Structures are given as C-alpha cells and as structure tokens.
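> missing the sequence, but the structure's below:
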C-alpha cells in the first residue's frame, strides 16, 4: 500500500471537526465587561457616599448626560464624565454596549437561558429610538420623559435596594426595574438591548448623525474594495421622519406632564433640588441620595406627589433633620437633579419653610418653651411678645429659614408637631 493510500480516510469516516480558535477580541471584551460589572457592584455597595464613585456608574451614560444638559441648561462635571462614551458612539456603533455596559452583560447571560429554552424575540420596531428621541425632546422643555429607563440607573437602583428593608414597597420598586429587564431578556433574548434600551438607541442615533456628515458620506459611497456600495433607499427620510414624529410626541407629552405637576401638591425635596417640574424628569431614581443621607431623612416617594414623582426623593423629618454641614445628596446625584452645594450654600438652598400652629404651641397655653428657637442652626426663630395674645409667640424669619427641619424634630408637642416644615409651593 502506497503512502498516498494510507493518508486517505476510510469510506464513511469523517475527520473530527477542528476546534475554532478562541477570538482574542471577544475574550478581551468579555473580561472588560465583567470588570465593569464588578466595579459597579463594588461602588454601589461600598462607596455609596463617595461622590465621584457613586456618580460614575450612571454619569457615564450618554443618554443621561444629554437629557440632563438639555433639561438643566448646564454642563456639570458629572455630565462631562459621559464625553468619552459620546465620542466613541460617533466612532464605533454601540461601542459602550459591547465593551462596558454591565446591564448589557447581565442581559446577555439571561438571553442565553432563553435561547437554551428555544425562546425567540418577536420582530418589533426600534422602540428605543422613539424612547430616546421623546426623552430628549421633552428635556428641551425641561422634562426628560423616560430618562429613568437608562440601564445603568436601573442597575444602580437594584444594587441600592439591598440597603433597605427587603419587604418595603420602595425596596421592591427599586429592584423591579432590573428584574423586569432580565425577565424580558429570558423570555425574548436580545429584545431589550436591541429594540428597547434607550441608551443603546442613543448611540445608534449618534452613529446615524455621523453617517450624514460630509466626510462620512464620501466614504460610504465606496465599498471595502473601492467599488460603488449599495445604499438603502429612503434611509435618510426614514430617520428624519422618526426624529420629527418622536420629538413632537415627546414635546407634547412633556408639556402636558409639566402642566399637571404645576397644579399638583408640593412636597419637600432635598436641598439644592432644581425646580419641581425639571426635578421629576431629570431624577433617574438611582437611590444614591437616599443611601448617602447621614440622618436618613430622604425617602422614595410612593405616590405622595403623584405618579410623575414616583420613587423621587422626598424629605421627612421623623428621624432627624438636614444637617447644616452636609451636602452629600448633591455630591452623589449623577443627573443634576440635585445641585452640588458648598456648606455655606445651605443657607440659600431652601427645602421649605417652617410654619407654627399657634393652637398647638405651648407658649399659647402660657407654658414656657424655647426649644425650637434654641435648636435652630440658622437663627431663624425668635420669640416676641404678642400684644394680641398677651403672651410670647414664635416668629420665623422666612429669609433665614431654609426648611432644614431641626425645629420640627425638636418640638415637644405630640403626636402632632406645633412647628412643621411646609413645601415652598
């Protein structure tokens, strides 16, 4: 038998398939995404009160940054953290999703479970484009509609839920967003990331803008081999129509919600909070301020201010008051809903105004009491002689009172306090 014959495979026998060599780029991308997920978890659980670390998880999102800048008309240092991702969105389509997004990594793994169960995503239009455009158009009017749908905000809120009572409604709602996204990824693999996620859609829209720049147009006319490349017909018109329609719907929706908020009952917000309409839209419900507050006076709103304010922070002065030397809530806010304040700025960052109920005040019954006056850190409360009541009465200087709640906490009347902080509206 010749040597050539011995090299021939036997009839009916196929050589074993060669193993595909590992893709170094894919492995590198997986390692970077795992590191990003680990970093987000560590930051949310360990460094919730460290401003730079707590802000970074959400602030790197181009979707949150654009909505914040358009709504607040300012560019803070938190918004500047999204500049690298914004630049890369022009260069590489969905670069942030493929390399850094920790929520995307979790969705991919959840999608693997769905694919193993032979689940498939239904063919849906790009809803994420509509969500992103509606939100940014609403931001121009001061109310970003769906900025809280950002996947990084959902992840931060979920991780922060471990700090609260596991059976509390606010804790369950904080965790519900990410749980819903992962459940959707199992039921319909890839649907969230490719069709719904507004952060991924924002990157696609930015890449589309680059495609229509003069230099990009010239390059797109040629294929990889230098020949003429086919270009989808009416692609530019489809994108322009989507931008116009989604922007119109978003602007009308934001205007209607703003009218409703203006007529709604006010609540006490954290110090440095922007005006109520913009606050409800710009707040991403990440929970950073709730966890950073040292006196635990900030709580998630469960409908007290209406549906548009759901899960936004509200101040309640049951456990303590807003300390005059603290500005952590603004330091850890990633969206600009709560402005960063210097300690001296607490005097002008008004949360509300303390008001006295003379029917409940002990001085009205000719009983000695000066607790509220003595505990006020801003010297906004004095006692004066009232000729009408012929007794001492409490007087509050509205120019000095920032609504910190120290007087309300110290007031000895029970169960109803004689002095209470009311919203500014």
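That came through fine. Given the structure is predicted, the values throughout are model-derived calculations rather than measurements. Residues are numbered from 1 along each chain as shown.
> At the geometric centre of the protein, which residue do we find?
The centroid of the chain falls nearest to residue 284 when counting by Cα atoms, centre = their mean (2.3 Å).
> Tell me the pLDDT of that residue.
At residue 284, the pLDDT value in this model is 95.
> Residue 57 now?
If you check residue 57, the pLDDT there is 90.
> Now do the SS call for it.
Secondary structure assignment for residue 57 (DSSP: H, G, I helix; E, B strand; the rest coil): helix.
> State which helix of this structure is the longest.
helix 235-263 (DSSP state H).
> Which strands and helices lie in contact with that one?
Applying 3 or more Cβ pairs under 8 Å, 6 or more residues apart in numbering; DSSP states H and E, we find helix 235-263 packed against helix 127-140, helix 276-282. C-beta coordinates here come from the backbone N, C-alpha and C atoms, glycine included.
> what angle do it and helix 127-140 make?
Calculated by axes from the mean of the first three to the mean of the last three Cα atoms, to 10 degrees, helix 235-263 forms an angle of 50 degrees with helix 127-140.
> what number of residues lie near the nearest residue to residue 247 once chain neighbours are set aside?
Once flanking residues are discounted, residue 247 sits nearest to residue 137: 3.9 Å by Cβ to Cβ, 6 or more residues apart in numbering. Neighbourhood size, residue 137 [other Cβ atoms under 10 Å]: 24.
> Equivalent analysis for residue 117, please.
10.
> in what helix or strand does the closest residue to the residue nearest to the centre of the chain other than its chain neighbours lie?
Excluding the flanking residues, the one nearest residue 284 by Cβ to Cβ, 6+ apart is residue 153, at 4.0 Å. For residue 153, the host element (DSSP states H and E) is helix 151-160.
> so what does the helix or strand following that helix touch, helix or strand wise?
Using DSSP H and E, the next helix or strand after helix 151-160 towards the C-terminus is helix 169-187. The contact analysis (3+ Cβ pairs under 8 Å, 6+ apart) places helix 169-187 against helix 102-116, helix 151-160, strand 298-300.
> Listing partners with orientation, what would you give for the last one?
Just to be clear, that refers to strand 298-300. Applying DSSP bridges, strand 298-300 is found paired with strand 313-315 (antiparallel).
> The closest residue to residue 313 other than its chain neighbours bridge partners, please.
Nearest non-adjacent residue to residue 313, counting by Cβ to Cβ, 6+ apart: residue 298, 4.6 Å away. Residues in a beta bridge with residue 298, per DSSP bridges, are residue 315.
> need the contact list for residue 298.
270, 289, 290, 313, 314, 315, 329 (Cβ atoms under 8 Å, 6 or more residues apart in numbering).
> I figured the third one was touching residue 160, is that so?
Yes. Residue 290 is in contact with residue 160 according to Cβ atoms under 8 Å; the separation is 7.4 Å.
> between those two, who's got more neighbours?
Legend: neighbour count by other Cβ under 10 Å for residue 290 and residue 160, higher for residue 290 (26 against 21).
> roughly how far apart are the more buried one and residue 272?
Distance, residue 290 to residue 272, using Cβ to Cβ, to the nearest Å: 15 Å.
> Residue 70 too?
20 Å.
> More neighbours: which of the two?
Higher neighbour count among residue 70 and residue 272: residue 272, with 22 against 18, using other Cβ under 10 Å.
> So which residues of the protein form strands?
All strands of the chain, identified by DSSP state E, fall at 298-300, 313-315, 353-356, 381-386, 391-396, 419-422.
> Deepest-packed of the ones you listed, please.
Per residue and on average, the most neighbours among the strands of the chain fall to strand 313-315, with a mean of 24 (mean count of other Cβ atoms under 10 Å).
> Give me the contacts around it.
For strand 313-315, the external contacting residues (Cβ under 8 Å, 6+ apart) are 267-270, 283, 289-290, 297-301, 304-305, 322, 329, 338, 351-352, 405, 421.
> List only buried entries from those residues.
Burial by neighbour count, judged by 16 or more other Cβ atoms under 10 Å, picks out 267-270, 283, 289-290, 297-301, 305, 322, 329, 338, 351-352, 405, 421 from the contacts of strand 313-315.
> sorry, back to before: which one of the contacts of residue 298 is nearest to residue 56?
Within these, the smallest distance to residue 56 is 15.4 Å, found for residue 289 (Cβ to Cβ).
> so what's that closest one closest to, chain neighbours aside?
Nearest residue to residue 289, sequence neighbours excluded (Cβ to Cβ, 6+ apart): residue 329, at 3.9 Å.
> so the one you found touches residue 293, yeah?
Yes. With contact defined as Cβ under 8 Å, residue 329 counts as touching residue 293 (6.0 Å).
> I figured residue 268 hits residue 423, correct?
Yes. Taking Cβ under 8 Å as the definition, residue 268 is a contact partner of residue 423 at 5.4 Å.
> Overlap in contacts, these two.
Common neighbours of residue 268 and residue 423, using Cβ under 8 Å, 6+ apart, are residue 352.
> pLDDT weak spots in this protein?
Within the chain, the ranges that satisfy pLDDT under 70 run 1-22, 47-51, 211-237, 387-390, 425.
> and with 50 instead?
Counting by pLDDT under 50, the chain contains low-confidence ranges at 1-5, 9-10, 216-233.
> so what sits against both of residue 329 and residue 293?
residue 270.
> And the helices in the stretch 1-150 of the chain, which stretches?
3-6, 24-46, 51-59, 62-72, 77-80, 83-91, 95-99, 102-116, 127-140 (DSSP state H, counting those that start in this stretch).
> Tell me which of those helices sits most buried.
Greatest average neighbour count among those goes to helix 62-72 (a mean of 26), per mean count of other Cβ under 10 Å.
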